[in-house]
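[1] Take this sequence and fold it.
(one chain, ligands or ions: 1)
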Amino acid sequence: MRRNLATAAAILGAIALLGLTGGQLARAQAGASHPVKRFTIVAVEASDVVFWLPSNIEVTQGDRVVIAVKDMLGGPPQMHGFAIPAYHIAILVPKGEAKIVEFTADKAGIFPIICQIHAEHIGGQLVVHPRGAFGSRR
Ligand SMILES: [Cu+2]
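    Residues are numbered from 1 along each chain as shown. Okay, the predicted model is just below:
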């Protein structure tokens, strides 16, 4: 009986070990190709000011970034802009429609996100961490 328990424990240990190895392998493979980071950003209005939420997007250099941008607010204006000038991104987002922005975050740094058609709107920022910074993030 005791021997059976020891055998079962050894088998469970081996399975756990294999699981860990599989996980490490998956992480290594994910690091080899660039991970895709997906976000949904919505227009929000407070005190008569519009801004995009979340305002800050954090990724790692080399990541493929896919952002769905939506403006479901009622009332005028009928359109807002979503732009990251440092990445030459500038789209128009009509009310009630989701627009997709897709790019590779190849430059590290902190870059402003703005509404290019309403200067008064509160912007945000794209934070691209340098690859390899803060230990191995991926
Ligand atoms: Cu706007």
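[2] I'd like to know which residues of this protein are adjacent to the ion.
    For the chain, the contact set with the ion under Cβ under 5 Å from the ion comprises His80, Cys115, His118, His121. Placement of C-beta: from N, CA and C, glycine included.
[3] all helices for this protein, in order.
    Ranges of helices in the chain, per DSSP state H, are 2-32.
[4] show me where pLDDT drops low in it?
    Residues of the chain meeting the criterion pLDDT under 70: 1-32, 133-138.
[5] The same query, at a cut-off of 50, please.
    Within the chain, the set of residues satisfying pLDDT under 50 comprises 1, 11-30.
[6] Specify the beta-bridge partners of Ile91.
    Phe82 (DSSP bridges).
[7] Is it correct that it is in contact with His80?
    No - using Cβ atoms under 8 Å, Ile91 and His80 do not qualify as a contacting pair, with a distance of 9.7 Å.
[8] more neighbours, the two?
    His80 (22 against 15; other Cβ atoms under 10 Å).
[9] Touching, the more buried one and Asp71? I think so.
    Yes - at 5.3 Å, His80 and Asp71 qualify as touching, with contact defined as Cβ under 8 Å.
[10] Give the residues shared as contacts by the two.
    For the pair His80 and Asp71, residues contacting each of them under the criterion Cβ atoms under 8 Å, 6 or more residues apart in numbering are Ala43, Val93.
[11] Distance of Ala98 relative to the ion?
    Taken as Cβ to the ion, to the nearest Å, the spacing of Ala98 relative to the ion amounts to 16 Å.
[12] can you count the residues close to that residue?
    A total of 14 residues lie near Ala98 under the criterion other Cβ under 10 Å.
[13] so what's it bridging to?
    The partner residues for Ala98, given DSSP bridges, come to Lys70.
[14] contacting residues for it?
    If you count contacts by Cβ under 8 Å, 6+ apart, Ala98 has them with Ala68, Val69, Lys70.
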